[in-house]
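*Asks:* Based on what follows, work out the 3D shape:
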Amino acid sequence: MKHTFHIPVLGLAFSIDSPLKVAKFGISSVMSIVDDELIERIRAFYAQENQFYYVPIKKAEEDYRAKRITAYLNLVQQIIDTQIFHIKNDEFLPDSDLTNYFELLPDTDLSKQRYKKMLNTDDINEKAALQEELKAMVVPGEIDVNIMAKVDKLNVDTKGNILDDKYADALAALRGFAQSNLRSSVVLSAGMNPRLYNYLTELPSFFPNRYGVLEKRIILKVSDYRSAYIQAKYLAKKGLWVSEFRIESGLNCGGHAFATDGYLLGPILEEFKQKKEELVQELSSIYRAALLEKGISSVHTLPIRFSVQGGIGTAEEHIFLLTYYGFDSAGWGSPFLLVPEATTVDNDTLAKLIQANKEDFYLSDSSPLGVPFHNFKGSTAEQRRMERIAKGVPGSPCTKQYLVSNTEFSKEPVCTASRVYQHAKIKELKNLQLPETEFQEQFDKITAKTCLCEGLAASAYLKYSIQKPKENTAVSICPGPNMAYFKGPYMLQEMIDHIYGRRPLSLKTRPHLFVNELQLYVDYFKNLVKNGVDDVKKLKVIQKFKDQLVQGIAYYRTITKEMEKFGFKETSGFISVLSNYEQDLKGQPTRMHSPALNR
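*Replies:* Below is the predicted model of the structure:
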């Protein structure tokens, strides 16, 4: 990687074509390959825009989902190859892509240093030689894809018969990537899916070729060391190498939030820092043994990258995380939603994000997956959800069915955001004849679920005018809470200069990354206390959660001197805030309310 940051996956639509916008500048980004309908329409759009021949892949075709994904990824690779060809044949003129490529690079990059030497050279022959050398150094950013491991619905044929496991959503998406021309990585997120992980062994591109090279690589997105270790060991035993661990804050992130048991980001990164070498050695030993069983012996030692993401907002935080913890890259997600040159956000939603306040971004129960989900109050999807409730018809039509899982009222799984499910659930609720306050509380929980399949794709349809007649185009968007401090819109150059500290953006008063995350965890903890102190099992979870938060606060006190070495100047205020949260935690009850349960 030429840059020390990457753009993580952003919903379904928001980074669906980010590689086509930024890979030519050496910037790596991640596309979701969950929604094959969105992918097929985006393929049609870019094929026409680039004057490539386009043949639709219809749902009637066998294995259409995998074929659509393969076709789009091949098109992305083809377009980026063309972009890089033109850059290598470009001239170092003001605002040319060739010039911008090197201007955007971090000053620490060796090719950036050669570029500066070229600019400062007066000798014509030396300048020409350096320019040719620089052109040879131009390489695209990684074109990675994301699969939420547990979004893996089984599918049926036209007669309603359940298809083989390999046609399940996640497996078909993985196959689509494996059969593509990309030589990049799949980011596996949202936990472990044994069916998906086992299927990796059936795809040759995830094993070393005759030169010992992995044509397709695996990145695990995790929120703690234990999860990383368990999943990577499981894969290593099958002869599958994890090329990168992407550690994401459990709560200070965009999209779905997978809260740890009170483990804060700093202590988690410290554990990785202390155990990285041990982890690599153990996995390498297991991996080699597994490959030998498969008859593969000539494999050189493969590297593992470590990256971090979630809530990063300043150059000081960026360089501290990379340098102090020894990581390779940092993910900047939500702020890039305000950079039209890098992501795909429709104009109306972009305008609302720019005007939004901190209170407009919140952790919700909106996701049908039953996992906390970062939401935006100003989105048209939220407005539409409230309008439906007011009209007495809560819930959404369920057309794509990626998140169907509930079988309370039917043999076939349905989505908890669907109109069918919410109608049945509310009818059941009314029959309970609960007190009004309790009824409303339960009603709000039911109707909080919203359609993400349509909402997270709609922004691209609007941006490129590719929506179908009468299609629902209400937009869901899921920025992390860090979005509140960025206003935008920003040019790509502005955002990258901010990341590298060359020209910092003027941000609203913003607490440190670690403080922002701590606040989210303390609020989450208080909610656990509110809902769970009358249950013995939950009490143990709550007590552990509290203990980990207190230990995390103690850890942060020990690293303030290290933080100061990277430009941190608010040590006294930082420690004061830590003490306030610590006192707040100690004042929270973690004993049972019932005397009988306290015995």
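*Asks:* Centroid-nearest residue for the protein?
*Replies:* residue 9 (4.1 Å; CA atoms, centre = their mean).
*Asks:* mind checking the SS state of that residue?
*Replies:* Secondary structure for residue 9, judged by DSSP: H, G, I helix; E, B strand; the rest coil, is coil.
*Asks:* Report the contact partners of it.
*Replies:* By CB atoms under 8 Å, 6 or more residues apart in numbering, the contact set of residue 9 is 15, 30, 31, 32, 146, 187, 189, 255. Every residue, glycine included, has its C-beta placed from N, CA and C.
*Asks:* repeat for residue 299
*Replies:* Counted by CB under 8 Å, 6+ apart, residue 299 has contacts 208, 212, 288, 291.
*Asks:* quick check, it in a helix?
*Replies:* No - counting by three-state DSSP, one finds residue 299 to be coil, located in no helix.
*Asks:* For it, give its distance to residue 211.
*Replies:* For residue 299, the distance to residue 211 equals 10 Å [CB to CB, to the nearest Å].
*Asks:* what's the most distant pair in the contacts of residue 299?
*Replies:* 212 and 288 (11.7 Å; CB to CB).
*Asks:* Comparing the two, which residue is more hemmed in?
*Replies:* residue 288 (18 against 12; other CB atoms under 10 Å).
*Asks:* Let me know the secondary structure of that one.
*Replies:* helix.
*Asks:* So for it, what's the nearest residue that isn't a sequence neighbour?
*Replies:* Once flanking residues are discounted, residue 288 sits nearest to residue 299: 6.7 Å by CB to CB, 6 or more residues apart in numbering.
*Asks:* Same check on residue 316?
*Replies:* With CB to CB, 6+ apart, the residue lying closest to residue 316 is residue 567, at 4.0 Å.
*Asks:* and the one you found, what is it in contact with?
*Replies:* Contacts of residue 567 by CB under 8 Å, 6+ apart are 315, 316, 319.
*Asks:* just residue 147 next, same as before
*Replies:* Residue 147 neighbours (CB under 8 Å, 6+ apart): 32, 33, 34, 170, 173, 174, 177, 186, 187, 188, 189, 196.
*Asks:* And those, which is closest to residue 111?
*Replies:* Nearest member of the contacts of residue 147 to residue 111, counting by CB to CB, is residue 187, at 26.2 Å.
*Asks:* Can you give the strand pairings for the one helix or strand that closest one maps to, parallel or anti for each?
*Replies:* Per DSSP states H and E, residue 187 falls inside strand 185-189. Strand pairing for strand 185-189, determined by DSSP bridges: strand 143-148 (parallel), strand 217-222 (parallel).
*Asks:* What distance do you get for the residue nearest to residue 288 to residue 214?
*Replies:* From residue 299 to residue 214 the distance is 10 Å (CB to CB).
*Asks:* any common contacting residues for the two?
*Replies:* By CB under 8 Å, 6+ apart, the residues touching both residue 299 and residue 214 are residue 208.
*Asks:* Can you show me the CA trace of stretch 244-258 as PDB?
*Replies:* These are the backbone C-alpha positions of stretch 244-258, laid out as PDB (Å, rounded to 0.1, in the frame of the first residue of the first chain):
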ATOM      1  CA  GLU A 244      -4.500  -9.000   7.600                       C
ATOM      2  CA  PHE A 245      -6.300  -8.400  10.900                       C
ATOM      3  CA  ARG A 246      -8.500  -5.300  10.700                       C
ATOM      4  CA  ILE A 247      -9.300  -4.200  14.300                       C
ATOM      5  CA  GLU A 248     -12.400  -2.000  14.500                       C
ATOM      6  CA  SER A 249     -13.700  -0.300  17.600                       C
ATOM      7  CA  GLY A 250     -16.800  -2.100  18.800                       C
ATOM      8  CA  LEU A 251     -18.900   1.000  19.200                       C
ATOM      9  CA  ASN A 252     -17.000   3.900  17.700                       C
ATOM     10  CA  CYS A 253     -17.600   2.900  14.100                       C
ATOM     11  CA  GLY A 254     -20.200   3.200  11.400                       C
ATOM     12  CA  GLY A 255     -22.900   0.600  10.500                       C
ATOM     13  CA  HIS A 256     -23.500  -2.400  12.800                       C
ATOM     14  CA  ALA A 257     -21.800  -2.100  16.200                       C
ATOM     15  CA  PHE A 258     -20.500  -5.200  17.800                       C
END
